[in-house]
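> Here's a sequence, model it:
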Amino acid sequence: MVFTDYRSKKTCECSHRQSRFKKSLKVTNLQIVAVLSLIAAILLSGCSNSGEPGTSSNPGGSEGSDKVIKIGMVGPLTGDYATYGQSVKNGVEIAVDEINKSGGVNGFDIQLVAEDSKGDSAEAANAVQKLIDQDKVTAIVGAVLSGETATVAPIAQDAGVVMITPSSTAPGLADIGEYIFRNVITDDVQARQMAEYAVKELGLENLAVIYANNDYGVALKDNFTAKAKELGATVVAVESYLDGDQDFRAQLTKIGGKADGLYIGGYYAEAAKISQQAKRQGMQVQILGGDGFYSTKLVELGGDAVEGALFTAGFYSGDTSENVQSFVSSFTERFDYEPDMFAANAYDSMKIVAQALAESGNDRAALRKEMAAIKDYPGITGNTSFAENGEARKDVIILKVQKGEFQRAK
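Here you go, the predicted model:
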């Protein structure tokens, strides 16, 4: 999704191995034969360059195994945005389990290596560098927040490692390079869709915007206000806040009673507080938002104040299709909560990577070409195709909070 925070050889030391064996083992004549046989095996396996997964020429392999392809995942697994990162990790895990249970990819198991960015761009950079240099992953699902993705995508691009973000929505991320893909609706698309829905279908005429002063919030604000004005609505006020702010009374006082709709360009934690404080100040407004609302925490934190809120998303867990319900059932049974858009996009992202791997083999450059060729992949988040710049072409869903649950409005 889109978030804001701008908050990293294997060498064939065969002679050293042989030396260590000789120095560390007191052997009998029979043991010497066994040791020399073992050394010969190490020389053959450690210094060869066969090009099969698990060797030094194939970065996705796992040391000691030639039947594993490593896939990295990076995102906030702890900290303020952990709910997003954990959902992404959990979605990938469900996909990996299904892939491996069905025989893996051309007989090779997928091994997930997850790293915690803590919602900090510097931590994310270190994590991605580790995944590439030490873990030798073939591809990375992530990052999760737009700010960290903007930081780490150039690292993956320079290393020639496919990176597919299932959640970062800030414009321009996929343009960083040919190895960078995005499987989520972008800020510009979702904000414009919400403005159109607010004006044309809800009949709102006077709109106010309060947004997080970061890439995510700015992109939502810019595109929502532009589309609203284009459709003839009046934007009566535009106010900003910083990540982690608790008190929004000053901004809400400036907006006052001038608006019939309030678009919040930010994440669920601040959105819940803004909605509560707006209600306390007696504001009669329709709460609107982006996919940063999509967390059960929105309702837990916001309570009655977020009842009726509308927001854009790329997935609806209440979809009755068999593949969606199968995923929801597996996810809920394993993690004891219902999957959100981040989990669903991550699940589809991993499945897309696996499909491309089946055609490319465990080769980074070949994988990129196969990823770019994906058309109409039938995922649980709808059909997905990639444009030339790696952007996903997907449909936008509008959800509504009804009786404390998310229901599809459009």
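> Now do Asp243, the pLDDT please.
The confidence metric pLDDT takes the value 89 at Asp243.
> if I read this right, it contacts Ala212, doesn't it?
Yes: Asp243 lies in contact with Ala212 (CB atoms under 8 Å); the separation is 5.9 Å. Any C-beta I mention is one placed from the backbone N, CA and C, and that applies to glycine too.
> Am I right that Gly160 is in contact with Glu178?
No: the pair Gly160 / Glu178 is not scored as a contact, 9.4 Å apart, by CB under 8 Å.
> Now list whatever residues contact both of those two.
Counting by CB atoms under 8 Å, 6 or more residues apart in numbering, the contacts common to Gly160 and Glu178 are Arg368.
> out of Asp243 and Ala212, which sits in the more crowded spot?
Just comparing Asp243 and Ala212: by other CB atoms under 10 Å the higher neighbour count belongs to Ala212, 26 against 21.
> Phi, psi for the more buried one please.
Here is the backbone geometry of Ala212 (degrees, to the nearest 10): phi -70, psi 130.
> which non-adjacent residue is nearest it?
Distance criterion CB to CB, 6 or more residues apart in numbering; nearest residue to Ala212, sequence neighbours excluded, is Gly266 at 3.8 Å.
> show me what contacts that neighbour?
Residues near Gly266 by CB under 8 Å, 6+ apart: 210-212, 216-217, 220, 241, 274, 289, 292.
> What about those, which are in strands?
Applying DSSP state E to the contacts of Gly266, the entries found in strands are 210-212, 241, 289.
> what helix or strand is Leu207 on?
strand 206-212 (DSSP states H and E).
> And the helices in the chain?
If DSSP state H is used as the criterion, the helices of the chain fall at 14-24, 29-47, 82-101, 121-133, 146-159, 187-196, 215-230, 249-255, 268-280, 296-302, 322-335, 341-360, 364-372.
> For Asp109, which of those helices is the nearest?
The closest of the helices of the chain to Asp109 is helix 82-101. By CB to CB, the value is 5.0 Å.
> Name the residues of that closest one that are buried.
Buried residues in helix 82-101, counting neighbours by 16 or more other CB atoms under 10 Å, are found at 82-96, 98-100.
> what do you get for stretch 284-294?
285-294.
> For that stretch, give the distance from the opening residue to the closing one.
Taking CA to CA, to the nearest Å as the measure, stretch 284-294 stretches 23 Å from start to finish.
> can you check stretch 170-187 too?
6 Å.
> cool, stretch 223-241 as well?
Where stretch 223-241 begins and where it ends lie 18 Å apart, using CA to CA.
> Which residues belonging to that stretch are considered buried?
223-225, 227-228, 233, 235-241.
> just those now: which is nearest Glu391?
Asn223 (15.1 Å).
> In contact with the nearest residue to that closest one once chain neighbours are set aside, which residues?
Of all residues not flanking Asn223 in the chain, Ala191 sits nearest, at 3.7 Å (CB to CB, 6+ apart). Going by CB under 8 Å, 6+ apart, Ala191 touches 219-224, 227, 265, 290, 312.
> let's see it at 10 Å
Counting by CB atoms under 10 Å, 6 or more residues apart in numbering, Ala191 touches 169, 185, 209, 219-228, 263, 265, 288-290, 312, 396.
> With Val162 instead?
71, 137-141, 156, 178-181, 353, 356-357, 360, 364-365, 367-368, 370-372, 390.
> what's around the residue nearest to Ala233 when sequence neighbours are not counted, how many residues?
Spatially, and ignoring its direct neighbours in sequence, Ala233 is nearest to Val199 (4.8 Å; CB to CB, 6+ apart). Around Val199 there are 20 other residues, counting by other CB under 10 Å.
> Can you give me the distance of Val199 to Val235?
11 Å (CB to CB, to the nearest Å).
> lowest-pLDDT helix or strand in this structure?
Across the helices and strands of the chain, mean confidence by mean pLDDT, DSSP states H and E is lowest for helix 14-24: a mean of 39.
> Low-confidence stretches in the stretch 1-150 of the chain?
1-66 (pLDDT under 70).
> re earlier: what about the helices of the chain, which gets the closest to Ala409?
Among those, helix 187-196 sits nearest to Ala409 (CB to CB), with 10.8 Å.
> tell me which residues of the closest one are tucked away?
187-195.
> so how far is it off the chain centroid?
20 Å (CA atoms, centre = their mean, to the nearest Å).
> do the same with stretch 141-156
Counting by CA atoms, centre = their mean, stretch 141-156 comes out at 9 Å from the chain centroid.
> Could you pull out the buried residues of it?
141-153, 155-156.
> May I ask you to confirm that Asp158 is in contact with Gly177?
Yes: using CB atoms under 10 Å, Asp158 is in contact with Gly177, at 8.2 Å.
> Tell me which of those two has more neighbours.
Of the pair Asp158 and Gly177, Gly177 is the one with more neighbours under other CB under 10 Å, namely 16 against 11.
> Kindly provide the distance from the residue nearest to Asn223 to Phe224.
Distance from Ala191 to Phe224, by CB to CB: 4 Å.
> Overlap in contacts, these two.
Common neighbours of Ala191 and Phe224 (CB under 10 Å, 6+ apart) are 209, 263, 265, 288-290.
> Adding distance to Thr165 as columns, could you present these in JSON lines?
Formatted as JSON lines, these follow (distance: CB to CB, whole Å):
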{"residue": "Val209", "distance to Thr165": "25"}
{"residue": "Tyr263", "distance to Thr165": "24"}
{"residue": "Gly265", "distance to Thr165": "19"}
{"residue": "Leu288", "distance to Thr165": "24"}
{"residue": "Gly289", "distance to Thr165": "20"}
{"residue": "Gly290", "distance to Thr165": "16"}
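> ok, of these, which one's closest to Lys254?
Val209 (11.7 Å).
> wait, doesn't that closest one sit right on Lys229?
No: applying CB under 10 Å as the test, Val209 and Lys229 come out as separate, 11.3 Å apart.
> what is in contact with those two at once?
With CB under 10 Å, 6+ apart as the test, Val209 and Lys229 both reach 195, 235.
> tell me how far stretch 70-86 is from the chain's mean position?
Chain-centre distance of stretch 70-86: 8 Å, with CA atoms, centre = their mean.
> mind listing what's buried in that stretch?
Result for stretch 70-86 [16+ other CB under 10 Å]: buried residues 70-77, 79, 81-86.
> and the residue nearest to Ala233, what does it touch?
Neighbours of Val199 in contact, by CB under 10 Å, 6+ apart: 205, 207, 227-233, 261.
> For Gln157, grab the count of nearby residues.
16.
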